[in-house]
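Q: Pasting a predicted model and its sequence here:
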Amino acid sequence: MTAHAVLSPSSAVRWMTCPGSVTLSKDIVDTGSSAANEGTMMHAFSATCLETGTDAVGYIGQLDKDTGLILQANQARDIQFYVDAVRDIVKSTGGELFVEQRLPITWMTGEADAYGTADAVIIAWDELIVVDAKFGFKLVDAESNSQLMMYAAAAYDSVKIAYDFNAARLVIVPPRLNAKPEWSLSIDNLMAFAAEVQMAAENVWGSPDVLVPSAKGCHWCRAKATCSAIKAQVLEDFDNVVPETADEDDLARVMANADMIENWVKSIRAEVERRLLAGEPVEGYKLVQGKRGNRQWGNDKDAEAMLKSMKVKHDQMYDYKLVSPTTVEKLAKAEVIGPRQWAKVIELITQSEGQPSVAPLSDKRPVLVTSAAVSDFDDVTTLNTNLRELYEN
């Protein structure tokens, strides 16, 4: 049994579009990150809460042995948001919950002993529900989400004999964005997607050198810093497209690849840094000491005691700042202040409009109209006539 599937659901958006990425990245070690370790820890405590019927607050201060991290209060709050979302779905559907469910995917990918692990699978009588926790700060869309669709297809294949589902529902819960995007599709459409997965997997095994760069596919690819296809595409656009004189088609094409290009540049920087830190030379570059951090007290209590002994005034020793509306909202949710009081607080809150931002047409936000409408202006026809007559006289 493999430790982790090569053609995993979590990387499906990459290998389903770029078969060559599998071979290109197979020998590149995933060094992980602090954010990834935090996510691993929070998923582990989330599973414990769901399996034992407990709440996250009870685990604050506990050590996660796999990552060596200790659960903090703010992390427990985010975990509880996800746990409550799952419990709400179970309660509303009357379904049966399966936590950290290992799902066979060999029949889709052709990879021996391959599994995917879904955070939560809920089996209702006529609906199959897959819930995925995302503890990052980037909103992930549930619609046509390859990872969750693979989980749903695998879960359906495992229980289809016993259940007559009408639909599959995909739910993503990112607590730090206070969102719960979801999307449903028919079982027929789900199995049509499974057939697409099978075809994509065949392309991986049959065309291991075919590279097809794309913004989504390249984002998490470990090989993007050395990918010849990305390099060729970037250099071609760099040589041929001048932003100020480019036609609409060229601008649209390069804009569609902007994220991919930016991520490629970031990966180049990261690889240069990694090699220099490992003592490997990179011509033209060296390691230097970066800017020093901000000054801070080595021990707050010692500094406080010292300043008090010097008779420094209280208002000169401490900085005070009013808490933010977000913090007060948390007080309202914790019932420290009541609903009527919160309603009065809301009246004092202002929020600036977001700045115009470029987004693809697939973005669900409405188009921002920047041109002025005729109704925005007063009718000055009479005024112009009067001014003309005055001038002529």
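A: Yep, it's here.
Q: only C-alpha atoms for contact and neighbour calcs from this point on.
A: Will do.
Q: residues making contact with stretch 147-160?
A: With contacts defined as C-alpha atoms under 8 Å, 6 or more residues apart in numbering, stretch 147-160 is touched by 9-13, 103-105, 116-118, 121, 128-130, 132, 142, 168, 170, 190-191, 193-194.
Q: repeat that for 7 Å
A: Residues from elsewhere that reach stretch 147-160, judged by C-alpha atoms under 7 Å, 6 or more residues apart in numbering: 9-10, 12, 103-105, 116, 118, 130, 168, 170, 190-191, 194.
Q: Now do that stretch: distance to the chain's middle.
A: 22 Å (C-alpha atoms, centre = their mean, to the nearest Å).
Q: what's the nearest residue to Ile28 if we skip its chain neighbours?
A: Nearest non-adjacent residue to Ile28, counting by C-alpha to C-alpha, 6 or more residues apart in numbering: Arg222, 6.7 Å away.
Q: Verify the stated contact: the one you found with Ser25.
A: Yes: applying C-alpha atoms under 7 Å as the test, Arg222 and Ser25 come out as touching, 5.8 Å apart.
Q: higher neighbour count, the two?
A: Arg222 (20 against 16; other C-alpha atoms under 10 Å).
Q: any idea whether that one is helix, strand or coil?
A: When classified by DSSP: H, G, I helix; E, B strand; the rest coil, Arg222 comes out as coil.
Q: neighbours around the residue nearest to Met16 when sequence neighbours are not counted, how many?
A: Closest residue to Met16 in three dimensions, ignoring its sequence neighbours and counting by C-alpha to C-alpha, 6+ apart: Ala200, at 5.0 Å. For Ala200, the neighbour count with other C-alpha under 10 Å is 21.
Q: Would you mark the buried spots in the helix or strand Ala200 falls within?
A: Assigned by DSSP states H and E, Ala200 falls within helix 187-206. By 16 or more other C-alpha atoms under 10 Å, the buried positions in helix 187-206 come out as 187, 190-191, 193-194, 197-198, 200-205.
Q: Just the mean pLDDT for the next helix or strand after it, thanks.
A: Using DSSP H and E, the helix or strand that follows helix 187-206 in sequence is helix 215-219. Taken as a whole, helix 215-219 has a mean pLDDT of 85.
Q: What segments of the stretch 51-200 of the chain are helices?
A: Taking DSSP state H, counting those that start in this stretch as the test, the helices found in the stretch 51-200 of the chain are 73-93, 106-109, 146-159, 187-206.
Q: now the ones you listed in a markdown table, with distance to Gln62 and mean pLDDT?
A: As requested, the helices of the stretch 51-200 of the chain are exported to a markdown table (distance: least, C-alpha to C-alpha, whole Å; pLDDT from 0 to 100):
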| stretch | distance to Gln62 | mean pLDDT |
| --- | --- | --- |
| helix 73-93 | 11 | 96 |
| helix 106-109 | 37 | 96 |
| helix 146-159 | 30 | 97 |
| helix 187-206 | 40 | 97 |
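Q: Quick one, which of the ones you listed gets closest to Lys301.
A: Among those, helix 73-93 comes nearest to Lys301, with 22.7 Å by C-alpha to C-alpha.
Q: what's the spacing between the residue nearest to Ile28 and Thr93?
A: As judged by C-alpha to C-alpha, to the nearest Å, Arg222 and Thr93 stand 40 Å apart.
Q: Checking Arg295 next. Helix, strand or coil?
A: Of the three states, Arg295 takes coil under three-state DSSP.
Q: what are the phi and psi angles of it?
A: phi -70, psi 140 (degrees, to the nearest 10).
Q: how many other residues sit next to it?
A: Neighbours around Arg295, by other C-alpha under 10 Å: 6.
Q: Quick one: residues contacting it.
A: Counting by C-alpha under 7 Å, 6+ apart, Arg295 has no contacts.
Q: got a pLDDT number for it?
A: On pLDDT, Arg295 comes in at 91.
Q: What is the burial count for the nearest residue in space to Leu128 that is not next to it in sequence?
A: Nearest non-adjacent residue to Leu128, counting by C-alpha to C-alpha, 6+ apart: Ala168, 4.6 Å away. Residue neighbour count, defined by other C-alpha under 10 Å, stands at 25 for Ala168.
Q: ok, now Gly53?
A: 11.
Q: likewise Glu304?
A: Residues near Glu304, counting by other C-alpha under 10 Å, number 15.
Q: Same question for the one 10 residues further on.
A: Applying other C-alpha under 10 Å, we find 10 residues neighbouring His314.
Q: now swap in Ala152 and tell me
A: 26.
Q: just to revisit the earlier point, list the helices and strands the helix holding Ala200 packs on?
A: helix 106-109, helix 146-159 (3 or more C-alpha pairs under 7 Å, 6 or more residues apart in numbering; DSSP states H and E).
Q: Export these to CSV and append columns for distance to Phe238.
A: Formatted as CSV, the helices and strands packed on helix 187-206 follow (distance: least, C-alpha to C-alpha, whole Å):
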stretch, distance to Phe238
helix 106-109, 37
helix 146-159, 32
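Q: Tell me which of those is the most buried.
A: helix 146-159 (a mean of 22; mean count of other C-alpha atoms under 10 Å).
Q: where does that one sit relative to the chain's centre, distance-wise?
A: 21 Å.
Q: could you dump it to PDB, C-alpha only?
A: Taking C-alpha atoms only, helix 146-159 is exported to PDB below (Å, rounded to 0.1, in the frame of the first residue of the first chain):
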ATOM      1  CA  SER A 146     -11.300  18.300  -9.100                       C
ATOM      2  CA  GLN A 147     -10.100  17.200  -5.700                       C
ATOM      3  CA  LEU A 148     -13.500  17.000  -4.200                       C
ATOM      4  CA  MET A 149     -15.100  15.400  -7.300                       C
ATOM      5  CA  MET A 150     -12.500  12.600  -7.100                       C
ATOM      6  CA  TYR A 151     -13.300  12.100  -3.500                       C
ATOM      7  CA  ALA A 152     -17.000  12.000  -4.300                       C
ATOM      8  CA  ALA A 153     -16.600   9.600  -7.200                       C
ATOM      9  CA  ALA A 154     -14.500   7.300  -5.100                       C
ATOM     10  CA  ALA A 155     -17.000   7.400  -2.200                       C
ATOM     11  CA  TYR A 156     -19.900   6.700  -4.600                       C
ATOM     12  CA  ASP A 157     -18.100   3.800  -6.100                       C
ATOM     13  CA  SER A 158     -17.600   2.300  -2.600                       C
ATOM     14  CA  VAL A 159     -21.300   2.500  -1.500                       C
END
